[in-house]
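**Student:** sharing a model prediction with you, sequence too.
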Amino acid sequence: MDASRINSVAIVMKVLRNQHFWYIALIFGACGSLLYSSFLSFLDAPGVFLRTGLTSYTLENVFFLLPVIYANYIFRSRVGIVVLALTGLTMLPRAIFVSHDPVAAALVSSGVLVTGSVITLSFYLYNRNIAQREYAHATLRNLVDALPVPIFAVNRLHKVTLWNTAIESLTGIRREDILGTDGQWKAFYIEKRPVMADLITDGATGSEIEANYPGISRPSPLIPGAYAAEDFFPALGKTGKWLYFTASPIPGSKGNISGAVETLMDITDRKDAEKAVTESERSYRNLFESALDAIWVHDLKGNITAVNQATSRLTGYPMEDLTNFNVKVFLDEESLLLARQVKKSLMQGRAVTMPYEQTLYKKDGARALCMITTNQITANGSLVAFQNIARDVTEERRLYENLRYYLEQITRAQEEERKRIARELHDSTLQTLIALLHQLEFELNKTNLPIKDAKALWGFHEQLREVVQEVRRFSRDLRPSILDDLGLQPALEWLTQELKNNYAIETRLVVSGEQRRLSPEAEMLLFRIVQEALNNIAKHAQAINAEVSVEFARGRILVEISDDGRGFEVPEEPGDLLRLGKLGLTGLAERAQLLGGTMKITSAPGQGTRIRVEAFA
């Protein structure tokens with residue numbers, strides 16, 4: 001048995017189990033009994049039927065409309081058609097075969113059937129209209145229920161007629177608990193009061209809505225008669241929620257208001273974000289105002305739009321005057337050119353080393369050397385301004401220059417003292433020792449001493465020879481004459497050869513570029529850097545190979561000393577070398593600074609060490 005037949009049987013069984021089916025059958029049977037009963041002849045007698053112009057036959061046929069109407073009302077058109085067909089099958093035989101006037105009887109029966117057909121058609125159209133309306137309402141309810149936007153509606157009696165899933169989730173109130181009630185206020189307030197939809201339903205004026213939602217309500221720009229507002233509802237959730245809600249009137253069939261629908265939006269996250277932004281702006285403003293560094297903002301044309309008090313102290317101009325100035329007011333041509341280069345690089349997305357050095361001119365004409373960091377300010381994805389943070393390093397630079405001058409003087413004095421001591425050792429002490437050595441040799445060669453005494457004196461002779469060698473080496477280390485006589489490269493060749501001879505470390509010197517003599521101070525500082533680096537390799541590196549490379553470039557010189565020793569962890573800040581006891585490396589960095597250059601150390605445990613010095617010479 002296929003599905004359609006099973007479905008038909010199920011429908012039939014459902015109809016048969018309905019008590020109204022048996023009522024219709026009973027009425028139909030009664031009508032049939034009347035139609036075919038020969039005991040109703042008294043109805044043709046003069047009386048009420050004659051006065052109404054009806055015969056008993058007409059009345060008997062009209063009675064058949066009762067089950068037709070009942071069937072259409074209870075079971076709708078399908079069963080109504082079946083009953084109408086049975087009615088025709090019941091009436092027509094009587095009209096054709098039993099009636100004294102078959103034509104008139106057929107006309108009466110046909111009239112009843114036509115009337116029944118019209119009734120059935122009317123019920124069908126009515127039921128179809130109801131079904132379409134119910135389908136539309138159900139579709140609308142399902143659509144509204146599926147929306148993520150919380151929605152509820154009230155009728156003109158302020159009863160809730162719609163409460164979708166989203167508002168269930170927002171308020172925690174189930175629709176079955178609130179539909180048909182006027183308890184919509186419970187979702188938002190502790191005490192009973194009208195919600196926005198109630199006010200719209202009552203046709204409240206703008207002033208009445210304002211009285212209930214002071215300062216937060218406004219007419220909707222999209223829907224006539226609708227109002228919108230946003231408010232905080234502490235009763236929602238654990239800590240309350242911010243909602244944006246709009247109530248719109250539902251027009252009735254006669255142009256009146258039959259109710260209102262209210263949509264809500266949870267804007268708690270937006271409000272929290274706005275609060276965070278406000279707090280951030282307040283914190284930034286406080287930081288901006290109280291910063292010790294000068295901060296100013298200028299537009300793309302250089303017009304200053306905002307300054308802090310530190311900028312006023314730096315430039316000497318009042319804050320109110322600065323906001324009317326262009327940055328050109330405290331920049332000379334050279335500084336302005338640098339500022340334009342930085343601006344161009346930032347606008348083209350090129351990297352700019354920050355902070356950069358810039359010279360500003362104060363109101364009194366004094367110069368201020370500043371380290372400036374410039375950042376872009378964008379709005380809606382477009383560059384609109386630049387923020388500049390400037391730190392006055394004039395005094396720091398002056399102190400640095402003074403310190404550098406003192407270091408230069410101390411270093412020069414040290415080298416002069418080294419040179420004097422080396423000369424004294426070579427010209428005096430060493431010569432005296434050599435004379436003693438020669439005199440001892442002479443005495444040993446001409447005197448016939450006992451063997452025991454001779455051995456003791458020859459032992460003393462060897463010790464004296466070693467002292468001569470030590471003094472000679474010490475004199476060279478203090479101030480190698482080869483540096484003064486021949487220059488940096490021969491002195492470095494001598495250093496690398498000494499390391500190879502004395503410590504068995506394979507060392508080589510690589511020189512590139514156009515070689516030239518440097519100033520005596522520069523050659524001495526570079527020599528001391530290489531000397532100290534090689535001493536560190538000899539004492540600490542446990543290296544097998546070492547290399548010294550020197551590159552002569554235009555206006556500068558690069559020196560690199562590397563080894564394949566045990567290496568070490570390089571601290572993040574150069575200033576930490578002294579704290580870690582790396583006194584030799586600290587001395588290298590100081591000498592590099594005296595040259596106006598930089599030193600970079602690259603090393604790791606087990607990976608050797610590389611020291612790179614770049615100096616302007």
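**Tutor:** Good, I have the coordinates. Residues are numbered from 1 along each chain as shown.

**Student:** off-centre distance for stretch 466-473?
**Tutor:** On the basis of C-alpha atoms, centre = their mean, to the nearest Å, stretch 466-473 sits 71 Å off its chain's mean C-alpha point.

**Student:** now do it: everything it contacts.
**Tutor:** Identification of contacts with stretch 466-473 by C-beta atoms under 8 Å, 6 or more residues apart in numbering yields Leu425, His426, Thr429, Leu430, Leu433, Ile434, Leu437. (C-beta placed from N, C-alpha, C; glycine too.)

**Student:** now, those that are in helices?
**Tutor:** When DSSP state H defines the helices, the subset of the contacts of stretch 466-473 inside them is Leu430, Leu433, Ile434, Leu437.

**Student:** which among those count as buried?
**Tutor:** Burial by neighbour count, 16 or more other C-beta atoms under 10 Å: within the ones in helices among the contacts of stretch 466-473 this picks out Leu430, Leu433.

**Student:** possible to save the ones in helices among the contacts of stretch 466-473 as CSV with pLDDT and distance to Thr394?
**Tutor:** Shown next, in CSV, are the ones in helices among the contacts of stretch 466-473 (pLDDT from 0 to 100; distance: C-beta to C-beta, whole Å):
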residue, pLDDT, distance to Thr394
Leu430, 74, 51
Leu433, 78, 55
Ile434, 79, 57
Leu437, 78, 61
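
**Student:** between the ones in helices among the contacts of stretch 466-473, which is closest to Lys362?
**Tutor:** Within those, the smallest distance to Lys362 is 60.5 Å, found for Leu430 (C-beta to C-beta).

**Student:** can you list the residues that contact stretch 310-326?
**Tutor:** Applying C-beta under 8 Å, 6+ apart, the contact partners of stretch 310-326 are 291-296, 298, 301-309, 329-330, 360, 362-364, 368, 370, 390, 392.

**Student:** nope, stretch 174-185 is what I was after
**Tutor:** In contact with stretch 174-185 (C-beta under 8 Å, 6+ apart) are residues 152, 154, 157-161, 163-164, 168, 186-187, 192-195, 197-198.

**Student:** now do the phi/psi pair for the most centrally placed residue in the chain.
**Tutor:** Residue closest to the average C-alpha location in the chain (C-alpha atoms, centre = their mean): Ala273, at 12.7 Å. With angles defined as degrees, to the nearest 10, Ala273 shows backbone torsions of phi -70, psi -40.

**Student:** just the strands in the stretch 301-450 of the chain please.
**Tutor:** Counting by DSSP state E, counting those that start in this stretch, the stretch 301-450 of the chain has strands at residues 304-307, 356-361, 367-379, 382-392.

**Student:** per-domain residue ranges of the chain.
**Tutor:** 13-141, 148-272, 294-392, 400-479, 484-617 (automatic domain parsing).

**Student:** isn't Thr165 right up against Asp145?
**Tutor:** Yes - using C-beta atoms under 8 Å, Thr165 is in contact with Asp145, at 5.3 Å.

**Student:** check contacts around Ile200.
**Tutor:** Counted by C-beta under 8 Å, 6+ apart, Ile200 has contacts Gly225, Ala226, Tyr227, Ala247, Ser248, Pro249, Ile257, Ala260, Glu262.

**Student:** what pairs with the helix or strand hosting the fourth one, parallel or antiparallel?
**Tutor:** Mapping Ala247 onto the secondary structure by DSSP states H and E places it in strand 241-251. For strand 241-251, the paired strands and their directions (DSSP bridges) read strand 227-233 (antiparallel), strand 257-266 (antiparallel).

**Student:** show me the contacts for the residue nearest to Leu588 when sequence neighbours are not counted.
**Tutor:** Excluding its sequence neighbours, the residue lying closest to Leu588 (C-beta to C-beta, 6 or more residues apart in numbering) is Ile529, at 5.3 Å. Shown in contact with Ile529 (C-beta under 8 Å, 6+ apart): Val559, Ile561, Leu588, Arg591, Ala592, Val613.

**Student:** which among the residues you listed gets closest to Ala533?
**Tutor:** When these are compared for distance to Ala533 (C-beta to C-beta), Ile561 wins out at 4.1 Å.

**Student:** so what's the residue count around Thr171?
**Tutor:** 22 (other C-beta atoms under 10 Å).

**Student:** before we move on, back to that, pLDDT score for the residue nearest to Leu588?
**Tutor:** We have a pLDDT of 90 for Ile529.

**Student:** surely it is in a helix?
**Tutor:** Yes - looking at Ile529 with DSSP: H, G, I helix; E, B strand; the rest coil, it is inside a helix.

**Student:** adding distance to Gly316, write the contacts of stretch 466-473 out as a markdown table.
**Tutor:** Below are those laid out as a markdown table (distance: C-beta to C-beta, whole Å):
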| residue | distance to Gly316 |
| --- | --- |
| Leu425 | 59 |
| His426 | 60 |
| Thr429 | 63 |
| Leu430 | 64 |
| Leu433 | 68 |
| Ile434 | 70 |
| Leu437 | 74 |
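
**Student:** from Met13, how far off is the residue nearest to Val15 when sequence neighbours are not counted?
**Tutor:** Distances taken as C-beta to C-beta, 6+ apart put Phe21 closest to Val15, at 5.3 Å, once the chain neighbours are dropped. Taking C-beta to C-beta, to the nearest Å as the measure, Phe21 falls 11 Å from Met13.

**Student:** host element of the closest residue to Asn308 other than its chain neighbours?
**Tutor:** The spatial neighbour of Asn308 that comes closest, neighbours along the chain excluded (C-beta to C-beta, 6+ apart), is Ile295 at 4.8 Å. Using DSSP H and E, Ile295 falls within strand 294-299.

**Student:** ok, Glu493 - contacts?
**Tutor:** Glu493 makes contact with Leu509, according to C-beta under 8 Å, 6+ apart.

**Student:** I'd like the strands of the stretch 301-450 of the chain as TSV, with mean neighbour count and distance to Ala105 appended.
**Tutor:** Shown next, in TSV, are the strands of the stretch 301-450 of the chain (neighbours: other C-beta atoms under 10 Å; distance: least, C-beta to C-beta, whole Å):
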stretch	mean neighbour count	distance to Ala105
strand 304-307	19	104
strand 356-361	17	117
strand 367-379	15	94
strand 382-392	17	94
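
**Student:** those into TSV, with extra columns for distance to Ser253 and mean pLDDT?
**Tutor:** Formatted as TSV, the strands of the stretch 301-450 of the chain follow (distance: least, C-beta to C-beta, whole Å; pLDDT from 0 to 100):
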stretch	distance to Ser253	mean pLDDT
strand 304-307	60	90
strand 356-361	76	90
strand 367-379	51	90
strand 382-392	53	91
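
**Student:** neighbouring strands of the helix or strand that contains Val548 in the sheet, and parallel or not?
**Tutor:** Here Val548, judged by DSSP H and E, is contained in strand 545-553. Using DSSP bridges, strand 545-553 pairs in its sheet with strand 506-513 (parallel), strand 556-563 (antiparallel).

**Student:** which of those sits most buried?
**Tutor:** Stretch with highest mean neighbour count among the strands paired with strand 545-553: strand 556-563 (a mean of 21; mean count of other C-beta atoms under 10 Å).

**Student:** what's that strand in contact with?
**Tutor:** 505, 518, 522, 526, 529-530, 533-534, 537, 541, 543, 545-551, 597, 608-617.

**Student:** just the buried subset of those, written out for ChimeraX, thanks.
**Tutor:** Selection of buried members from the contacts of strand 556-563 for ChimeraX, criterion 16+ other C-beta under 10 Å:
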select :505,518,522,526,529,530,533,534,537,541,543,546,547,548,550,597,608,609,611,612,613,614,615,617
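
**Student:** where does pLDDT dip in the stretch 351-500 of the chain?
**Tutor:** Within the stretch 351-500 of the chain, the stretches with pLDDT under 70 are 403-404, 407-408, 411, 415, 446-447.

**Student:** what do you get if the cut-off is 80, keeping everything else the same?
**Tutor:** Applying pLDDT under 80 to the stretch 351-500 of the chain flags residues 400-430, 433-435, 437-457, 461, 471-485.
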